[in-house]
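Participant: Predicted structure and sequence below. I'll ask about it afterward.
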Amino acid sequence: MDYGSAGIPNSGSAAFGFRIGLQRGRAKLRGMSDWEAVLFAFRAIDVRTDSGWFRRKRYSFELTEQSVSDALASFRAFPPLVEELSEGAAKLKADVVVLEKPLTSLTEDDGGTWWPSPTDVDFAMELHALPGRYDSIFVLWPMQDESSGAVIPCRGWGLGCAPGSWSNDATYAVVGNAGSRAWQIPVIGEVWLHEWLHGACRMFQQDGVPMPMYDADGGGSHGYVQSETTGWTAFYRDLMTGRVQEGDEYKGISPEAWKRYPTPRRRALNSG
């Protein structure tokens with residue numbers, strides 16, 4: 001689903017990896033749900049979209065160093081949000097792989113829109129994210145050409161999916177590049193959290209955990225208001241602690257659900 005509508009060594013990609021996570025010097029909570037994630041950050045894209053003879057178009061451009069830096073700074077702020085808003089029930093650590101090899105294909109979506117599906121990044125997954133390695137896979141992709149203003153049509157700034165075989169059993173989310181300010185407001189890291197929650201909520205829902213309608217998109221329909229300073233984090237906190245009221249029932253991922261149900265990578269390892 002959309003997040004707003006705003007607008008490796010020896011693989012042909014020079015990569016660096018670094019681990020990010022929340023460091024607070026406190027003991028790990030018993031029963032905490034530990035998630036492992038990876039972000040594939042594409043610096044460049046070179047694709048041809050084809051929705052018919054008169055709708056063929058080529059997009060070929062690179063992200064600036066500033067654009068990549070802004071996106072990675074936002075992503076670094078995401079793991080602390082997971083622990084904070086789940087009130088310590090979940091924790092996420094992440095690796096980052098920056099790829100010099102361009103993204104060379106996109107998958108057509110509804111209404112003549114396009115997005116980098118797991119099929120389009122399978123070479124990166126084969127090298128770095130085989131089944132059982134990660135719980136969540138993220139992709140930063142060049143969606144907007146900052147020099148020409150061209151924008152590849154996509155359903156939203158971000159999209160998030162539940163775990164599946166095509167994403168090597170991990171939740172999967174993509175976010176396009178954006179201007180510096182867009183990453184900062186209203187809460188830095190929120191866009192990554194939002195898309196991750198789409199996948200996580202759907203996984204828990206498949207386990208039988210009651211979820212509010214529209215999961216991560218349901219703030220407004222459940223009486224929450226987006227704050228100019230804290231965004232939708234009040235809603236996300238209730239969603240991640242099982243306190244979203246829907247009728248006479250409280251829904252979301254309760255602390256008990258975080259403890260009871262294994263993360264995607266553990267499911268993949270157990271099934272193997």
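Facilitator: Now that the structure is in, tell me what you want to look at.
Participant: which residues in the stretch 151-272 of the chain form helices?
Facilitator: 180-184, 190-206, 233-239, 255-260, 264-271 (DSSP state H, counting those that start in this stretch).
Participant: List the contacts of Ser105.
Facilitator: Val47, Thr119, Asp120 (CB atoms under 8 Å, 6 or more residues apart in numbering). For every residue, glycine as well, the C-beta is placed using N, CA and C.
Participant: any idea which of those is closest to Met143?
Facilitator: Relative to Met143, the closest of the contacts of Ser105 is Val47; by CB to CB it sits at 11.0 Å.
Participant: Make sure Ser147 is actually in contact with Glu62.
Facilitator: No. In this structure, Ser147 is not within contact of Glu62 by CB atoms under 8 Å, at 9.3 Å.
Participant: Show me where this protein has its strands.
Facilitator: 19-20, 33-42, 44-50, 56-62, 90-99, 107-108, 114-115, 136-141, 158-161, 171-176, 244-246, 249-251 (DSSP state E).
Participant: And the ones you listed: which comes nearest Ser227?
Facilitator: strand 244-246 (16.6 Å).
Participant: Can you tell me what sits against the closest one?
Facilitator: By CB under 8 Å, 6+ apart, strand 244-246 touches Pro212, Met213, Gly218, His222, Phe235, Asp238, Tyr250, Lys251, Gly252.
Participant: The residues you listed into JSON lines, with extra columns for neighbour count?
Facilitator: What follows is the contacts of strand 244-246, written out as JSON lines (neighbours: other CB atoms under 10 Å):
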{"residue": "Pro212", "neighbour count": "24"}
{"residue": "Met213", "neighbour count": "11"}
{"residue": "Gly218", "neighbour count": "21"}
{"residue": "His222", "neighbour count": "16"}
{"residue": "Phe235", "neighbour count": "26"}
{"residue": "Asp238", "neighbour count": "20"}
{"residue": "Tyr250", "neighbour count": "15"}
{"residue": "Lys251", "neighbour count": "23"}
{"residue": "Gly252", "neighbour count": "26"}
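Participant: how near is the spatially most central residue of the chain to Phe123?
Facilitator: Closest to where the C-alpha atoms of the chain average out (CA atoms, centre = their mean) is Ala173, at 3.6 Å. Using CB to CB, to the nearest Å, Ala173 is found at 18 Å from Phe123.
Participant: which stretches of the stretch 51-200 of the chain have low pLDDT?
Facilitator: Scanning the stretch 51-200 of the chain with the threshold set as pLDDT under 70 gives 51-54.
Participant: Thought Leu159 was touching Val191, still the case?
Facilitator: No. Judged on CB under 8 Å, Val191 makes no contact with Leu159 at a distance of 11.0 Å.
Participant: Name the nearest residue to Pro186, sequence neighbours excluded.
Facilitator: In space, and not counting its chain neighbours, Pro186 is closest to Gly231: 3.9 Å by CB to CB, 6 or more residues apart in numbering.
Participant: any idea how far that neighbour lies from Val187?
Facilitator: Taking CB to CB, one finds Gly231 at 4 Å from Val187.
Participant: again, but for Val151
Facilitator: Val151 is 24 Å from Val187, by CB to CB.
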